[in-house]
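> everything below, folded, please.
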Amino acid sequence: MDFMYSSTRDSKAKATASMAILKGLADDGGLFIPERIPALDVSLAKLAQMTYQETAYAVMKLFLTDFTEQELKSCIQAAYDSKFDTAQITPLVNAGCAYFLELFHGPTIAFKDMALSILPHLMITAARKNKVSNDIVILTATSGDTGKAALAGFADVEGTKIVVFYPKNGVSPIQEKQMVTQKGANTHVVAIHGNFDQAQAGVKQIFADKELEKTLQEHGFQLSSANSINIGRLVPQIVYYVYAYARLLASHTIAEGEPVNVAVPTGNFGNILAAYYAKQMGLPIRKLICASNENKVLYDFFQSGQYDRMRKFVLTSSPSMDILVSSNLERLIYRIAGNDAEKNAAYMKALAEDGKYEITHQMKQELADFYGNYTTEQETAQVIRDVYEKDGYVIDTHTAVAKGVYDKYRSETKDDTVTIIASTASPFKFTRSVMHALDPECASTADFELVDELSRIAGVKVPQAIEEIRSAKVLHHTECTAEEMPDVVKRFLGIGDAMENLSQI
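Below is the predicted model:
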């Protein structure tokens, strides 16, 4: 019997893994969620002897049961190959009283590569399995990293087109340059006049537009998503937490069964949700440390039980976390509501209409696995300086948020459990912010001069992802408002009248 998925808003809406990956979002606007969390079926000692690719199969086979062994192994081998600059795929670095899980060794130097390297292969395999003849249109909103990783993964993949929306002035200069220089005849990049939440809401509205869906079908297209709302993004992320634990066990840093803590810089809640799922599978995780920047909607939620997006949106030096609507939190709400789709749907309706909801006391008790806190911009910069001065190790702004929150947790609780910090991006992706933290006098230095200086002080070679955009030509110039997003998609697909008066970069 295939392992099935249901919608967080209608438990009767069922899908196989492959169909859930293809659809991305359930028809009712809910997220696909596994009907149960499977237990790991190999011992931790055996996992400690496995490669990353072997670990990926051991974990993912439990969730993607309608993929054959050959199909899944083929997807894994195609994803985790020489495009990563280390055979370990996700090495661990001991610094600052913790173990930094470097998730940025893929082609776009951010953790999104871990899932977006495999998603195109899963999606094309799923399309064949379900006899889909339409072209798949990947529609994605990004706060910076997902966009480039998705573009790189889907570029020139036959049978697909990809449209990425990002907030103009809401990503780092390096992130923007990576996206707007992306090659591929099937790739489209659009800057919207607004923030990430508006881009994300616009994408969700397009998915919910049944009239547009019908029009797309008539022209041979169907929508899917590469955002972390797609279960095909979430399942591969579970793997690296299992692998990290196994590496600590293999190095005799921990004993078999000994618990660890995991600290994750958190915006859309997908990355820490993957760690939560790993814990539910039996991985010995004691505390899930949810780290926020000054957009501290999740910290406030864990403190009060009330999720309230009605607040000032802050542009920070960790832009991938500049989010007020954490989409993947819905999967956790569904679970702590007793897998009650009706109750979850009511919360999501309240969030959409009133901008907030408040969970029950009983549900709040179900959050005991989590600790939430945040760092200010000043604290984030100080963490970058401290880690460099004490350990000679340079971390990016998002990782610094996680390290800063971990330090607060450790100070408050005196918990000295071995801790894994998800290091979600290379410092080269946020060179200006990192260098400003290390040397505030560098403000007037040009971006790529800062890249070379960072390389010098960190003792790390400039990543290929950065080298190739030094002189790359800007290929994408479209800008639009959030309201114009559906028309932009139709224009790219050659449907209806071409939009007029689109502003250009």
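> and the next helix or strand past the top helix by length along the chain?
The longest helix of the chain (DSSP state H) is helix 231-250. Per DSSP states H and E, helix 231-250 leads on to strand 260-265 as the next helix or strand towards the C-terminus.
> can you name the next helix or strand after that following strand?
Assigned by DSSP H and E, the successor of strand 260-265 is helix 270-280.
> list the strands paired with the helix or strand just after that next one, with their directions.
The C-terminal neighbour of helix 270-280 among helices and strands, as given by DSSP H and E, is strand 285-292. Strand pairing for strand 285-292, determined by DSSP bridges: strand 260-265 (parallel), strand 370-374 (parallel).
> so the longest helix of the chain versus helix 270-280, what angle?
Counting by axes from the mean of the first three to the mean of the last three CA atoms, to 10 degrees, helix 231-250 lies at 60 degrees to helix 270-280.
> buried stuff in helix 231-250?
For helix 231-250, burial by neighbour count (16 or more other CB atoms under 10 Å) applies to 231-249. Any C-beta I mention is one placed from the backbone N, CA and C, and that applies to glycine too.
> what does stretch 271-278 give?
Using 16+ other CB under 10 Å as the test for burial, stretch 271-278 gives Asn271, Ile272, Leu273, Ala274, Ala275, Tyr276, Tyr277, Ala278.
> any low-confidence regions in this protein?
Counting by pLDDT under 70, the chain contains low-confidence residues at 1, 497-505.
> if we can go back for a sec, tell me the most buried of the strands paired with strand 285-292?
Compared across those, strand 260-265 shows the largest average neighbour count, a mean of 28 (mean count of other CB atoms under 10 Å).
> extract the CA atoms of that one and return them as CSV.
In CSV, the C-alpha atoms belonging to strand 260-265 read as follows (Å, rounded to 0.1, in the frame of the first residue of the first chain):
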residue,chain,number,x,y,z
VAL,A,260,21.5,16.4,20.4
ASN,A,261,20.0,19.8,20.0
VAL,A,262,19.4,21.5,16.6
ALA,A,263,19.4,25.2,16.0
VAL,A,264,17.9,26.5,12.8
PRO,A,265,17.7,30.1,11.4
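> chain center to it: distance?
How far strand 260-265 lies from its chain's middle: 15 Å, per CA atoms, centre = their mean, to the nearest Å.
> can you list contacts of that strand?
Applying CB atoms under 8 Å, 6 or more residues apart in numbering, the external contacts of strand 260-265 come out as 98, 241, 245, 248, 254, 271-272, 275, 284-291, 293, 318, 320-321, 398-399, 401-403, 405-406, 409, 415, 417-422, 424.
> among those, which ones are buried?
Using 16+ other CB under 10 Å as the burial test, those include 98, 241, 245, 248, 254, 271-272, 275, 284-291, 293, 318, 320-321, 398-399, 401-403, 405-406, 409, 418-422, 424 as buried.
> can you put the buried residues of stretch 271-278 in a markdown table and add distance to Phe165?
Listed next are the buried residues of stretch 271-278 as a markdown table, based on distance: CB to CB, whole Å:
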| residue | distance to Phe165 |
| --- | --- |
| Asn271 | 21 |
| Ile272 | 24 |
| Leu273 | 23 |
| Ala274 | 24 |
| Ala275 | 27 |
| Tyr276 | 28 |
| Tyr277 | 28 |
| Ala278 | 30 |
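> nearest to Met123 among those residues?
Within the buried residues of stretch 271-278, the smallest distance to Met123 is 18.6 Å, found for Ala274 (CB to CB).
> ok, and the closest non-adjacent residue to that closest one?
Distances taken as CB to CB, 6 or more residues apart in numbering place Gln237 nearest to Ala274, at 3.6 Å, with adjacent residues excluded.
> Ile395 too?
Take Ile395 and drop its neighbours on the chain: the residue closest to it by CB to CB, 6+ apart is Val387, 5.6 Å away.
> and what of Asp113?
Leaving aside its sequence neighbours, Asp113 sits nearest to Gly106 (CB to CB, 6+ apart; 2.7 Å).
> and that neighbour, what does it touch?
Lys83, Phe84, Asp113, Met114, Ser117, Ala149.
> in strands only, show me these.
Judged by DSSP state E, those include no members of strands.
> rebuild these as CSV, extending it with neighbour count and distance to Lys161.
Formatted as CSV, the contacts of Gly106 follow (neighbours: other CB atoms under 10 Å; distance: CB to CB, whole Å):
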residue, neighbour count, distance to Lys161
Lys83, 16, 22
Phe84, 19, 26
Asp113, 27, 21
Met114, 28, 23
Ser117, 25, 19
Ala149, 29, 17
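> circling back to that earlier point, tabulate the strands paired with strand 285-292 (a markdown table), appending distance to Tyr393.
Below are the strands paired with strand 285-292 laid out as a markdown table (distance: least, CB to CB, whole Å):
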| stretch | distance to Tyr393 |
| --- | --- |
| strand 260-265 | 16 |
| strand 370-374 | 22 |
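> so which of those strands gets nearest Val460?
Set against Val460 and scored by CB to CB, the strands paired with strand 285-292 come closest in strand 260-265, at 20.2 Å.
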